[in-house]
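Peer 1: quick one, what's the 3D model for this:
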Amino acid sequence: MSLDLSLYLVTDPRLCARYGLVETVVAAVRGGVTIVQLRDKQASDGELIDQARQLKAALAGSGVPLIINDRLTVAIESGADGLHLGQGDGDVVAARAAMGEQAILGLSVQSHAQLARLDPVPLDYLGLGPVFATSTKHDHAQPLGFDGLAALVAASPLPAVAIGGLEAEHVNRIRAAGAKGPAVVSAICGQADPEAAARMFYTL
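Peer 2: Presented below is the predicted three-dimensional model:
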């Protein structure tokens with residue numbers, strides 16, 4: 001499956017509750033989301049596997065890949081298209097071996113020190129940030145701002161998405177910094193019309 005990082009949606013169970021997880025994601029994909037990450041820190045592996053299978057069925061034929069946050073077992077058991085790891089959430093070489101060569105594998109990076117230590121060979125993309133502080137992730141690193149993002153992108157050996165407090169109004173600055181696009185949570189999941197919210201990233 002091709003990797004288009006133009007608009008990367010990360011789900012949040014609380015913010016998706018208004019319409020339900022599947023309905024929110026499907027609407028967002030209609031609006032232009034190109035890749036979906038299932039993230040729920042509180043759910044059990046079994047619950048996440050069920051959610052992932054529902055999303056895979058809903059996304060069938062759309063060309064939009066489903067990525068699982070952190071949990072390798074869930075990614076494998078659900079038949080997801082890939083896995084995204086945070087720093088300290090697992091070994092990327094082991095994850096690549098377990099997922100296979102066709103899987104999409106991403107890693108979060110917050111600093112030049114982390115970037116210098118990574119092995120890019122098993123990876124397909126990086127998530128760089130946070131650009132701004134965000135209420136959907138309380139343990140985030142010091143925000144980078146757009147200048148910090150640009151410096152990380154310039155040093156990155158892989159294509160990257162920008163993460164952290166991003167809105168549609170930031171798209172031009174994200175792309176000017178060299179990132180392929182934004183990874184967003186509340187800017188889509190928390191909106192009254194997720195489809196229209198996703199479209200805004202292409203119209204501003």
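
Peer 1: what's the burial count for Gly100?
Peer 2: By other C-beta atoms under 10 Å, 9 other residues sit near Gly100. (Glycine included, C-beta is placed from N, CA and C.)

Peer 1: what's the answer for Ala187, then?
Peer 2: Neighbours of Ala187 using other C-beta under 10 Å come to 23.

Peer 1: ok, it to Leu115 distance?
Peer 2: 25 Å (C-beta to C-beta, to the nearest Å).

Peer 1: next one: Ala196
Peer 2: Ala196 sits 36 Å away from Leu115, going by C-beta to C-beta.

Peer 1: neighbour count winner among these two?
Peer 2: Set side by side, Ala196 and Leu115 show more neighbours around Leu115, with 20 against 15, by other C-beta under 10 Å.

Peer 1: where's that one, which helix or strand?
Peer 2: helix 112-117 (DSSP states H and E).

Peer 1: where along the protein do the helices fall?
Peer 2: With DSSP state H, the ranges of helices along the chain come out as 21-30, 45-59, 72-78, 92-99, 112-117, 145-155, 171-176, 186-189, 194-203.

Peer 1: who are the contact partners of Ala43?
Peer 2: For Ala43, the contact set (C-beta atoms under 8 Å, 6 or more residues apart in numbering) comprises 13, 51.

Peer 1: do you know the pLDDT at it?
Peer 2: If you check Ala43, the pLDDT there is 97.

Peer 1: give me phi/psi at the closest residue to Pro182 other than its chain neighbours?
Peer 2: Spatially, and ignoring its direct neighbours in sequence, Pro182 is nearest to Leu166 (4.2 Å; C-beta to C-beta, 6 or more residues apart in numbering). Geometry field for Leu166 lists phi and psi as phi -90, psi 140, criterion degrees, to the nearest 10.

Peer 1: now for Leu166, how many residues are close by?
Peer 2: Neighbourhood size, Leu166 [other C-beta under 10 Å]: 28.

Peer 1: and the pLDDT at Met1?
Peer 2: Met1 carries a pLDDT value of 69.

Peer 1: my bad, should have said Gln142
Peer 2: Model confidence at Gln142 (pLDDT) stands at 84.

Peer 1: returning to what we had before: work out the gap between the helix holding Leu115 and the centre of the chain.
Peer 2: Counting by C-alpha atoms, centre = their mean, to the nearest Å, helix 112-117 is centred 20 Å from the centre of its parent chain.

Peer 1: need the helices of the chain in a markdown table with distance to Val10, can you?
Peer 2: Output for the helices of the chain, formatted as a markdown table (distance: least, C-beta to C-beta, whole Å):
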| stretch | distance to Val10 |
| --- | --- |
| helix 21-30 | 11 |
| helix 45-59 | 13 |
| helix 72-78 | 15 |
| helix 92-99 | 18 |
| helix 112-117 | 19 |
| helix 145-155 | 17 |
| helix 171-176 | 15 |
| helix 186-189 | 8 |
| helix 194-203 | 13 |
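
Peer 1: and those helices, which is most packed in?
Peer 2: Comparing the helices of the chain by mean neighbour count (mean count of other C-beta atoms under 10 Å), helix 186-189 ranks first with a mean of 25.
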